[in-house]
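In: the following comprises the amino acid sequence and a computationally predicted model.
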Amino acid sequence: MKKIFEVALGIVTSVGGFLEIGSITTAAQAGASFGFQLGWSIALGTLCIGFLVEMSGRFSAVSKHTIPDAMRERFGANFFAVPLIVMLAVSLLVLAAEIGGGAVALEMATGISFPVWALPVALLAWALLWATTFSFIENGVSLLGLVTLAFAVGAFKLHPDYGALVKGFVPTLPHDNKAHYWFIAVSVLGASISPYLYYFYSSGAIEEKWDESYISINRAIAAIGMGFGGFLSIAVLVLAALVFHPRGISVDHYQQLPELLTGVFHRPGFWLVIASLAVACLGATLEIALSLAYLIAQGFGWNWGEDLAPRDDARFALTYTILILAAALFTLFGMDPLKLTEISMSLTAASLPLGTFPFLILMNDREYLGEHTNGRVGNAVVLVISALSALLAVVSIPLELVGGG
Amino acid sequence: MKFGLIAEVLDEQLVDSTGRQAGRVDGIVLDLRDGKPPRLGYIEVSPITLLSRFNRRFARWYAFYDRKLGEGRGVATRIPWTRLQRKGPTFVMDIDAESTPIFALEDWLRRHIVERIPGG
Amino acid sequence: MESIEAHVEHLLGQRVVDVDGRHVGRLEEMLAEIVDGETVVTEFHIGSAALVERIASFLVQLPFFRRIPLTRHGYRVGWQQFDLSNSRVLRVNVRRDQLSPIELGGSSAKR
């Protein structure tokens, strides 16, 4: 019975934590500019992160190592430094975008311009990490994240052409605006396949003291949680496709996002979008800050753990403190959160191979996983992901310059 | 039973006699002797050792500033191989890490910063 | 008896040459064991096969692994054949063709 509760909780956590500024924005841009045509990019991205999250949970439950632990041990400090530094830099940008998203939500709610909100948002996130426990954060903030279900309800109420939507899951080539099409596809993939997510998940498994008996639970959480999260992204795509696309409007400013739900829910729709944005960004801020602090602490072998009081893991606690403050600086100095989101999502896509390829090696190592190493399907999916990521890496950066503008 | 120094010792997690995580094996020191196989002398736990694996100059700078923090600082902490035991995925040392400089930075940060902030 | 120190983490990845100066490979692993109450290094593994052995030994299970060139170059060197006296140039004191090769998937894999 307890395990069923844990599965439910895990799913809620995944769903609540799935949507963040990247997935909301990129899905909205995809729907506004290309209707249902980019549905496949969300589907593919969701499939990828689902597999990675399942692998990450299985790895930690069986080997009792987190991914950064194993990366340093198996590959050595000299190799590990490369993905460490790249992930730190890229994830810091994503963190900056999330804080920016929270600030923009507050701007829309109060009319006070967003740079003012950078430090309050950062302070709130920091205070939650400093004073509470892992379970409180995971469960509390993720339950709040269920407000994002509003997007699904809104999408249903607009009665989309489901046939056309399903057709969008098959990759098609764009008729025009090709550079922009691929740029958004790349951003969607970068938003869905976030390394900090599956790294965080592995530390979470250790925090929750998972063992081999959790393998089935882990599979359920990964599949249902990520699947449902992807479903919510599709809902945003549908809303944008029905609200913006027919009028030929593209999403260039955050202030446009409330329109996704005001048609369906009128004034409450405005508040639902703002609440969704605020909670989603707060949740992501907490997750990314923790994920990076875990990465550094585990890489160096420090004491770590969100359940410990900061006095017992001073370096770990000060690491996430510094990260949140540094990330807040971007928004504090007025950098446009939308630009920040676009840049960080495509850089995430570009740097994916650095993380997934070594991870694939770990997932086939019997010393860590015993008989629970990857099957051929798992390996094939991650290999394809890595190859796809490499392709994106080559494609996304010039596209950033041509298509992103 | 042969074991690999790179695969099974270097970069592994260290735990001290009280169960606290005490860093990683950043370096291994061998005693080279004429006519005899090299002997495992010490492991080193230190940012100085870790940095020297990337750039010796950075390591020297770090050591220079570390020395200013107190007596006995500025050099890597060495744990004799004989004080270590393998327990599962980690190496356990029969020393309390508080008696070494391993937690010096952690303790300094705790005293001067963390404990001054409410909720710490 | 004079005793000098060597750092394993700096020896890792260093180029090794044979007695004629020919390139043997990079030092990728050192095997240790207890001999007469002391833990000593008795074997050195050199070359890309040694790297594969240490990091991705599962490759050995793939049906086509022998076609991967990485897995074919590697040597096991006993401590008597290995000269650590000069840390800048690591040497084996025999010719390359006299060294024992690493056979991946065979008894030389130490796990």
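Out: Done, it's in.

In: remind me which helix or strand the residue nearest to residue C:8 when sequence neighbours are not counted belongs to.
Out: Take residue C:8 and drop its neighbours on the chain: the residue closest to it by C-beta to C-beta, 6 or more residues apart in numbering or on different chains is residue B:28, 3.8 Å away. In short, each C-beta sits where N, CA and C put it, glycine included. Counting by DSSP states H and E, the element that carries residue B:28 is strand B:27-33.

In: ok, the spatially most central residue of chain C - contacts?
Out: For chain C, the residue nearest the mean C-alpha position is residue C:45 (1.4 Å; C-alpha atoms, centre = their mean). Residues in contact with residue C:45 (C-beta atoms under 8 Å, 6 or more residues apart in numbering or on different chains) are B:4, C:27-31, C:53-54, C:74-77, C:102.

In: buried stuff in the helix or strand containing it?
Out: Using DSSP H and E, residue C:45 falls within strand C:38-46. By 16 or more other C-beta atoms under 10 Å in any protein chain shown, the buried positions in strand C:38-46 come out as C:39-46.

In: make JSON lines out of those residues and add distance to residue A:51 and pLDDT.
Out: Shown next, in JSON lines, are the buried residues of strand C:38-46 (distance: C-beta to C-beta, whole Å; pLDDT from 0 to 100):
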{"residue": "C:39", "distance to residue A:51": "42", "pLDDT": "95"}
{"residue": "C:40", "distance to residue A:51": "45", "pLDDT": "96"}
{"residue": "C:41", "distance to residue A:51": "41", "pLDDT": "96"}
{"residue": "C:42", "distance to residue A:51": "43", "pLDDT": "96"}
{"residue": "C:43", "distance to residue A:51": "39", "pLDDT": "95"}
{"residue": "C:44", "distance to residue A:51": "39", "pLDDT": "96"}
{"residue": "C:45", "distance to residue A:51": "34", "pLDDT": "95"}
{"residue": "C:46", "distance to residue A:51": "37", "pLDDT": "94"}
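
In: what about the helix or strand where residue B:48 lies, distance to the chain center?
Out: Here residue B:48, judged by DSSP H and E, is contained in helix B:47-52. Put simply, helix B:47-52 sits 10 Å off its chain's centre (C-alpha atoms, centre = their mean, to the nearest Å).

In: packing partners of it?
Out: Counting contacts by 3 or more C-beta pairs under 8 Å, 6 or more residues apart in numbering or on different chains; DSSP states H and E, helix B:47-52 is packed against strand B:27-33, helix B:56-67, helix C:8-11.

In: just the CA coordinates for it, please, in PDB.
Out: What follows is helix B:47-52, C-alpha atoms only, in PDB (Å, rounded to 0.1, in the frame of the first residue of the first chain):
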ATOM      1  CA  PRO B  47      41.900  20.400  -3.700                       C
ATOM      2  CA  ILE B  48      45.700  21.000  -4.200                       C
ATOM      3  CA  THR B  49      46.200  17.400  -5.400                       C
ATOM      4  CA  LEU B  50      43.000  17.600  -7.500                       C
ATOM      5  CA  LEU B  51      44.000  20.800  -9.100                       C
ATOM      6  CA  SER B  52      47.500  19.600  -9.900                       C
END
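
In: next, count neighbours for residue B:2.
Out: For residue B:2, the neighbour count with other C-beta atoms under 10 Å in any protein chain shown is 12.

In: what's near enough to touch it?
Out: Counted by C-beta under 8 Å, 6+ apart, residue B:2 has contacts C:31-33, C:42-43, C:110.

In: what's the answer for residue A:201, then?
Out: By C-beta under 8 Å, 6+ apart, the neighbours of residue A:201 are A:53, A:56-57, A:60.

In: how far out from the middle of the chain is the longest strand seen in chain C?
Out: With DSSP state E setting the assignment, residue counts place strand C:23-35 as the longest strand in chain C. How far strand C:23-35 lies from its chain's middle: 4 Å, per C-alpha atoms, centre = their mean.

In: now do it: everything it contacts.
Out: Defining contact as C-beta under 8 Å, 6+ apart, one finds that strand C:23-35 is touched by B:1-7, B:37, B:40, C:8, C:11-18, C:39-48, C:50-51, C:53-54, C:73-75, C:90, C:92, C:96, C:99, C:110.

In: just the buried ones out of these, please.
Out: Listed as buried from the contacts of strand C:23-35 are B:3-7, B:37, B:40, C:8, C:11-12, C:16-18, C:39-48, C:50-51, C:53-54, C:73-75, C:90, C:92, C:96, C:99, C:110; burial here means 16+ other C-beta under 10 Å.

In: what about residue B:39, which SS state?
Out: Secondary structure, DSSP: H, G, I helix; E, B strand; the rest coil: residue B:39 is strand.

In: test my guess that it contacts residue C:40.
Out: Yes. Judged on C-beta atoms under 8 Å, residue B:39 makes contact with residue C:40 at a distance of 5.1 Å.

In: any common contacting residues for these two?
Out: Residues within reach of residue B:39 and of residue C:40 at once, by C-beta under 8 Å, 6+ apart: there are none.

In: distance between the helix or strand following the strand holding residue C:45 and the chain's centre?
Out: Toward the C-terminus, strand C:38-46 is succeeded by helix C:48-55 as the next helix or strand (DSSP H and E). Here helix C:48-55 is found 9 Å from its chain centre; the criterion is C-alpha atoms, centre = their mean.

In: likewise for stretch B:39-51?
Out: Distance of stretch B:39-51 from its chain centroid, counting by C-alpha atoms, centre = their mean, is 6 Å.

In: which residues sit against that stretch?
Out: Stretch B:39-51 has contacts (C-beta under 8 Å, 6+ apart) with A:77, A:300, B:5, B:9, B:14, B:22-31, B:33, B:58-59, B:62-63, B:66, B:74-81, B:84, B:91, B:100, B:102, C:5, C:9, C:32, C:38-41.

In: about what we covered before: let me have the contacts of residue C:45 in a markdown table, adding pLDDT and distance to residue A:190 as columns.
Out: A markdown table is the format used below for those (pLDDT from 0 to 100; distance: C-beta to C-beta, whole Å):
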| residue | pLDDT | distance to residue A:190 |
| --- | --- | --- |
| B:4 | 93 | 38 |
| C:27 | 94 | 39 |
| C:28 | 95 | 35 |
| C:29 | 95 | 37 |
| C:30 | 96 | 41 |
| C:31 | 96 | 43 |
| C:53 | 87 | 35 |
| C:54 | 88 | 33 |
| C:74 | 90 | 39 |
| C:75 | 93 | 43 |
| C:76 | 93 | 45 |
| C:77 | 94 | 46 |
| C:102 | 87 | 41 |
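
In: quick one, grab the pLDDT at the residue in chain C that chain A sits nearest to.
Out: Chain A sits closest to residue C:58 of chain C, with a gap of 4.3 Å, by C-beta to the nearest C-beta. Looking at residue C:58, its pLDDT reads 75.

In: how about it: what's its closest non-neighbour residue?
Out: Residue nearest to residue C:58 in three dimensions, not counting chain neighbours: residue A:364, with 4.3 Å by C-beta to C-beta, 6+ apart.

In: chain C against chain A: which residues are in contact?
Out: With the criterion set to C-beta under 8 Å from any C-beta of the partner chain, chain C comes near chain A through C:9, C:12-13, C:55-58, C:111.

In: most surrounded residue in these?
Out: residue C:9 leads the residues of chain C next to chain A on contacts (other C-beta under 10 Å) with 23 neighbours.
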